[in-house]
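J.: I would like to see how this sequence folds:
(4 chains)
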Number of protein chains: 2
Amino acid sequence: MSSADTERLDTADERQHTEHGLERKRQLLDAAGELFADRGYSATRIADICTAAGVAKGLFYWYFPTKGALFAELVRTMRLRLRRAQGTAMDPTADAVTRIADGAEASVRFMADHAAYFALLDVERSDPEVADVLAEGAGVYLDDVRRIVEDGQRSGTIADAPSDLIAVGVLGAVSSFSNSYRNGRLGDDITVDDLARFVRRWVINALR
Amino acid sequence: MSSADTERLDTADERQHTEHGLERKRQLLDAAGELFADRGYSATRIADICTAAGVAKGLFYWYFPTKGALFAELVRTMRLRLRRAQGTAMDPTADAVTRIADGAEASVRFMADHAAYFALLDVERSDPEVADVLAEGAGVYLDDVRRIVEDGQRSGTIADAPSDLIAVGVLGAVSSFSNSYRNGRLGDDITVDDLARFVRRWVINALR
DNA sequence: CGCCGTCTTGACCGACGGGTCAAGTATCGG
DNA sequence: CCGATACTTGACCCGTCGGTCAAGACGGCG
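T.: Residues are numbered from 1 along each chain as shown, chains lettered A, B, ... in the order given. So this is what the prediction gives:
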């Protein structure tokens, strides 16, 4: 038996984790998410993440091959969760406008629920170390929305204009409102429900 | 005469620059703007800026006390220019909706003209070293728009809803569309004029 | 020409932080 | 009780990068 079999994973990122190991990993992910959110990616030291999670620095590399890998995992997890939230909020049999409005509303609520995480997506977009992962998902939502917009245009419920422009507008509205809400630019007297309702109305208004 | 007079400016950021000196400074500012835009603030090394500007690293500190200071100057210059562009585009005697639409259109054109610069504002929002400068101006535009919105609501031309929400929506639309245009998400077949017209229509539609 | 202030250089310094490593501890199946 | 495998530690290494500095070059003015 050659020694290659075991060596394959020595340095690799795929390790055999126990239940407890996965829990640790999640702790690190959580700590990192919070720190990234309010200090930025590059301003967050691996040592900070470990301190926040209450472990030694060396342990970081047991779970992640590099800082960027953790970031990528964080982003992908988040993206998955958001899409799931959108999916369950949208009734596939409803008309295009309703579907978009439902998706937008769900996104706003989701982003408000996970404010710490979403401050991230909004940040460090250009750091080459992370740009790829971020860009990778940027077009996905756009495509989702554009498809529905075109659907709506075929049935005449959505105004006739370049579908990608409209999609950008919808996505932009969701993220703008969510961002402003998150960093308190809207004041404390407005609730998530208020915001969600307003965005729904705003989007519907923009589509016609 | 005490020696304090000359010493005051030794380390300070205010230096006596000749015409040629100011030109140099502008070169550095330009080079930095471009590099920041496509690599991010923290990923851009001072050495990179100097290389791009074709000067030695030491010279950087003849013109700027620190990296952050250059950034701050860049941002403030940009903000000033944008506000000026908006100001000249908006007829103070026109009604609120027209004023907002004009301002939005002008902003879109301006951002397209200065794409390299504006990739910046969108980036590294959370880097503590630069967060202050960025946040400092964030509320300004919001206030500008909100005032006009409230004006329009008084005269009944703008829908009755929290004015800050509406202002966030307008600002968000402008930046979303500009961003998408800048990084090519809208395809090459769309021109700035198309975009500007579309945003105008979008904003007007959203206000009523 | 000689002085002075502006401008320019590139070698150098220091710390900061990502990543490594050798030495453990904890747990579990046999 | 033994060995294997997952986990944990903190000292250490080392490249990188912001910032300094001493030595000049250039240009105008008396």
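
J.: tell me the contacts of residue A:174?
T.: Contacts here follow Cβ atoms under 8 Å, 6 or more residues apart in numbering or on different chains; on that basis residue A:174 touches A:104, A:107, A:108, A:111, A:199, A:203. Every residue, glycine included, has its C-beta placed from N, CA and C.

J.: ok, for the last one, nearest residue in space, not its chain neighbours?
T.: Using Cβ to Cβ, 6 or more residues apart in numbering or on different chains and skipping the chain neighbours, the partner closest in space to residue A:203 is residue A:104 (4.8 Å).

J.: which non-adjacent residue is nearest residue A:157?
T.: residue A:97 is the one closest to residue A:157 (Cβ to Cβ, 6+ apart), at 5.3 Å.

J.: counting neighbours, what do you get for the residue nearest to residue A:203?
T.: 25 (other Cβ atoms under 10 Å in any protein chain shown).

J.: who are the packing partners of the helix or strand containing residue A:30?
T.: Residue A:30 is part of helix A:19-39 when elements are defined by DSSP states H and E. Using 3 or more Cβ pairs under 8 Å, 6 or more residues apart in numbering or on different chains; DSSP states H and E, the elements in contact with helix A:19-39 are helix A:46-53, helix A:57-63, helix A:67-89, helix A:115-121.

J.: cutoff 6 Å now
T.: Helices and strands touching helix A:19-39, by 3 or more Cβ pairs under 6 Å, 6 or more residues apart in numbering or on different chains; DSSP states H and E, are helix A:46-53, helix A:67-89, helix A:115-121.

J.: and the gap between residue A:179 and residue B:100?
T.: Residue A:179 sits 20 Å away from residue B:100, taking Cβ to Cβ, to the nearest Å as the criterion.

J.: neighbour-wise, which of the two wins?
T.: Taking other Cβ under 10 Å, residue A:179 and residue B:100 do not tie; residue B:100 has more neighbours (27 against 20).

J.: near DNA strand D, which residues of chain A?
T.: A:15-18, A:20-22, A:24, A:54-59, A:62 (Cβ under 7 Å from any atom of the strand).

J.: if we go to 10 Å?
T.: A:6, A:9-10, A:15-25, A:27-28, A:46-47, A:50-51, A:53-63 (Cβ under 10 Å from any atom of the strand).

J.: write the PyMOL selection for whichever of these are buried.
T.: Listed next is the PyMOL selection for buried residues among the residues of chain A next to DNA strand D, using 16 or more other Cβ atoms under 10 Å in any protein chain shown:
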select buried, chain A and resi 24+25+27+28+46+50+53+55+60+63
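
J.: so where's chain A uncertain?
T.: A:1-14, A:119-131 (pLDDT under 70).

J.: could you pick out the longest helix of it?
T.: helix A:128-154 (DSSP state H).

J.: list the buried ones in that one?
T.: A:129-131, A:133-134, A:137, A:141-142, A:144-146, A:148-149, A:151-153.

J.: do stretch A:97-104 as well
T.: A:97, A:98, A:99, A:100, A:101, A:102, A:103, A:104.

J.: thinking again about what came up before, relative orientation of the helix holding residue A:30 and helix A:67-89 in degrees?
T.: 90 degrees (axes from the mean of the first three to the mean of the last three Cα atoms, to 10 degrees).

J.: need the contact partners of helix A:19-39.
T.: Contacts of helix A:19-39 from elsewhere in the structure, counted by Cβ atoms under 6 Å, 6 or more residues apart in numbering or on different chains, are A:44, A:48, A:49, A:52, A:53, A:63, A:70, A:74, A:116, A:117, A:119, A:120.

J.: number of residues surrounding the third one?
T.: By that I understand residue A:49. Neighbour count of residue A:49, defined by other Cβ under 10 Å: 25.

J.: how much space separates it from DNA strand C?
T.: With the distance defined as Cβ to the nearest atom of the strand, to the nearest Å, residue A:49 ends up 8 Å from DNA strand C.

J.: if we ignore the residues flanking it in sequence, what's nearest that residue?
T.: Per Cβ to Cβ, 6+ apart, closest to residue A:49 is residue A:32, 4.7 Å.

J.: before we move on, what about the fifth one?
T.: Nearest residue to residue A:53, sequence neighbours excluded (Cβ to Cβ, 6+ apart): residue A:31, at 4.2 Å.

J.: the one you found: how many residues sit nearby?
T.: 19.

J.: separation between it and residue B:190?
T.: 43 Å.

J.: picking up where we left off before, could you export the contacts of residue A:174 as JSON lines, including distance to residue B:157 and secondary structure?
T.: Below are the contacts of residue A:174 laid out as JSON lines (distance: Cβ to Cβ, whole Å; DSSP: H, G, I helix; E, B strand; the rest coil):
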{"residue": "A:104", "distance to residue B:157": "26", "secondary structure": "helix"}
{"residue": "A:107", "distance to residue B:157": "30", "secondary structure": "helix"}
{"residue": "A:108", "distance to residue B:157": "27", "secondary structure": "helix"}
{"residue": "A:111", "distance to residue B:157": "31", "secondary structure": "helix"}
{"residue": "A:199", "distance to residue B:157": "22", "secondary structure": "helix"}
{"residue": "A:203", "distance to residue B:157": "21", "secondary structure": "helix"}
